[in-house]
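>>> Prediction below, plus the sequence it came from.
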Amino acid sequence: MNKQTKVAIATIIVYPLAFAFVIFLLWYRGLDQLQDTYIINVTVDLFGMLMGYVLYVCCRFDAEKTGSNLKYFFLLHNAAYLGLFTDAVSWLVDGVPQLRWLNVVDNYLYFMCAPLQAFCYFKYISTVIRLEDRKYRVFEQVMKGGLIVAIALRLLNAIFHQYFSVSEDGIYSRGPLYPISMVFVFFTIIGIVVIIIKERKQLKVYELVVLAAYLIAPLFVTIFTIMVYGLSLSAGVIMLILLLMYCVLNISQGRAKAVADRDLSVASSIQRNVLPQIFPYLPEREEFDIYATMTAAKEVGGDFYDFFMVDPDHIALVMADVSGKGIPAALFMMVARTMIKNYALTGQYSPANILEHVNEQICEGNTAELFVTVWLAILDLNTGKGLAANAGHEHPALRKRDGQFEMVKYRHSVAVATMEGVKFKEHEFELSPGDSFFVYTDGVSEATNSQLEQFGEQRILNGLNKNPDGSPEELISNVMEDITAFVNGTDQFDDITMLSFKYFGKGHRYAD
């Protein structure tokens, strides 16, 4: 169970417990002991909490279908739910001396909700509109600073009571500077309004309406409740607007994502199908055994492996990783793979020469500014001698017969397509019968668990050395098992691509 799932389950449990606690306090006080306005406020809050629970569950079930990053929507929703809960509790404990401590704690939490909601709403707007301009990053830093100041001032209320106080009789009263507590909120709202107006061309009319509704409706209610003590409706209104935002924005984005997912699915299928997948490869050849896999992440990436006979005596082996994700990376991968293979099949170029030619051609029209790391080797199957070039790729792991796998580390060349005129380095190597090597992309070494730890090179070696004399398929299977156990269900955002090669020598397999 990954971290996100644990948080979702915990939240789904905590929400009803909070609702039940308010019901308990309502029973504890008794309706006959509450003013009519108190009953109205608590009823609105309870309805909002029930609506918020349903909305949260819907969001969690629909998270895979919607197109936006819901992280800040969930944070905004949680802050709104906390606002409803603390508002309901504040009315039910007001005037109860034995619950004064709860009244104080509850109001501190309540006062934290407004600035947290304002900041989370700004962050959510950033994901919807995709704000990338430098001035927006500056504004975000200002918002972070403002949030810290707003929270610090609320904590100082324990000393100065500038926003609220609770008497020994348990009666809440607003402090002389209560309106100032909303300065950060109003400032943030103004900033968001300016952003929406400037970036309105990115939004459809219904998106503008629902985003503006979140700002305008609670703003008027907040101004009203500042002037009229006894009514507290803003938290309920905010939850209602969040429900509207979910229905209008996320469902519409879900339609767009369905189309995008279909395109990505087609691209992912094409990407997988162009890679060699029939094993054993050339079973009539006794000089070697080879196996490779690519486990795609949710997004289409640019990983690829390849192997092919240059001529009857030489085999070419490729492991590569294009920067970036999505359709552009997949297209770039197709171009790079085709070029490398075409140059290699001529039989006229060494690995370094091949990468130099590919680099020059790709750089000419590389407006997307993508690049590709490549490990490329050409091996003479008669002698076991070969040449390899490494353009910014991961270090390969080598195992000599009867030994253990170890990383082969040496100075790399830069990645392909980073700049024109690059001269790539290559080095000679020699395999003896029984030797094996393993190459991979950074999706293997950077596979991440819920504690944000990376799999790393040592765990790769541990997986390989479980059975170092195993077949290439067994070696990859062992590493993959270790990766699966390590990440323990945590979503991966990079392809996991591996290739293993075992050399037997010309005309015979080595003796066991």
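Cool, got the structure.
>>> For residue 103, see how far away residue 189 is.
In this structure, residue 189 and residue 103 are 29 Å apart, going by C-beta to C-beta, to the nearest Å. For the C-beta atoms, the positions are set from N, CA and C on the backbone; glycine is no exception.
>>> can you check residue 164 too?
Taken as C-beta to C-beta, the span from residue 164 to residue 103 is 10 Å.
>>> Could you name every residue contacting both of those two?
Here residue 164 and residue 103 have residue 172 as joint contacts, going by C-beta atoms under 8 Å, 6 or more residues apart in numbering.
>>> so residue 154 sits right up against residue 107, yeah?
No: in this structure, residue 154 is not within contact of residue 107 by C-beta atoms under 8 Å, at 9.7 Å.
>>> Please tell me how far the residue lying closest to residue 318 once chain neighbours are set aside sits from residue 319.
Nearest residue to residue 318 in three dimensions, chain neighbours excluded: residue 306, at 4.1 Å (C-beta to C-beta, 6 or more residues apart in numbering). Here residue 306 is placed at a distance of 8 Å from residue 319 (C-beta to C-beta).
>>> of those two, who's got more company?
Counted by other C-beta atoms under 10 Å, residue 306 and residue 319 do not tie: residue 319 has more neighbours, with 26 against 20.
>>> what about residue 189 and residue 103, which has more around it?
residue 103 (23 against 20).
>>> you'd agree the more buried one is in a helix?
Yes: assigned with DSSP: H, G, I helix; E, B strand; the rest coil, residue 103 falls within a helix.
>>> Could you report the separation of it from residue 156?
Noted for residue 103: a distance of 19 Å to residue 156, by C-beta to C-beta.
>>> Show me where the stretch 301-450 of the chain has its helices.
Remark: helices assigned in the stretch 301-450 of the chain by DSSP state H, counting those that start in this stretch are 326-345, 351-364, 442-445.
>>> Quick one: the ones you listed as CSV, columns for distance to residue 144 and mean pLDDT too.
As requested, the helices of the stretch 301-450 of the chain are exported to CSV (distance: least, C-beta to C-beta, whole Å; pLDDT from 0 to 100):
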stretch, distance to residue 144, mean pLDDT
helix 326-345, 29, 87
helix 351-364, 39, 93
helix 442-445, 31, 92
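>>> Just tell me which of the ones you listed ends up closest to residue 417.
Smallest distance to residue 417 across these (C-beta to C-beta): 4.5 Å, for helix 351-364.
>>> Next, the buried residues of the closest one.
Within helix 351-364, the residues that count as buried by 16 or more other C-beta atoms under 10 Å are 351, 352, 353, 354, 355, 356, 357, 358, 359, 362, 363.
>>> Which parts of the stretch 1-150 of the chain are helices?
Along the stretch 1-150 of the chain, the segments classed as helices by DSSP H, counting those that start in this stretch run 3-29, 36-62, 71-93, 100-129, 134-160.
>>> Just say which of those is most tucked in.
Comparing those by mean neighbour count (mean count of other C-beta atoms under 10 Å), helix 71-93 ranks first with a mean of 24.
>>> pLDDT below threshold where in this protein?
For the chain, the stretches with pLDDT under 70 are 1-5, 7, 61-70, 131-135, 202-204, 206-210, 212-241, 243-272, 298-301, 507-512.
>>> please redo it, this time with the cut-off set to 50
Residue ranges of the chain with pLDDT under 50: 63-68, 511-512.
>>> Does residue 303 touch residue 439 like I think?
No: with contacts counted by C-beta under 8 Å, residue 303 stays clear of residue 439, the gap being 11.6 Å.
>>> And these two? Which one has more around it.
Neighbours per residue (other C-beta under 10 Å) separate residue 303 from residue 439, with residue 303 holding more: 29 against 26.
>>> Which stretches in the stretch 301-450 of the chain count as strands?
303-311, 314-322, 372-380, 385-391, 397-399, 406-407, 426-430, 436-440 (DSSP state E, counting those that start in this stretch).
>>> could I get those as JSON lines with distance to residue 182?
What follows is those, written out as JSON lines (distance: least, C-beta to C-beta, whole Å):
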{"stretch": "strand 303-311", "distance to residue 182": "51"}
{"stretch": "strand 314-322", "distance to residue 182": "49"}
{"stretch": "strand 372-380", "distance to residue 182": "52"}
{"stretch": "strand 385-391", "distance to residue 182": "57"}
{"stretch": "strand 397-399", "distance to residue 182": "60"}
{"stretch": "strand 406-407", "distance to residue 182": "58"}
{"stretch": "strand 426-430", "distance to residue 182": "66"}
{"stretch": "strand 436-440", "distance to residue 182": "54"}
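>>> Give me the most central residue, this structure.
Nearest to the geometric centre of the chain sits residue 493, at 7.0 Å (C-alpha atoms, centre = their mean).
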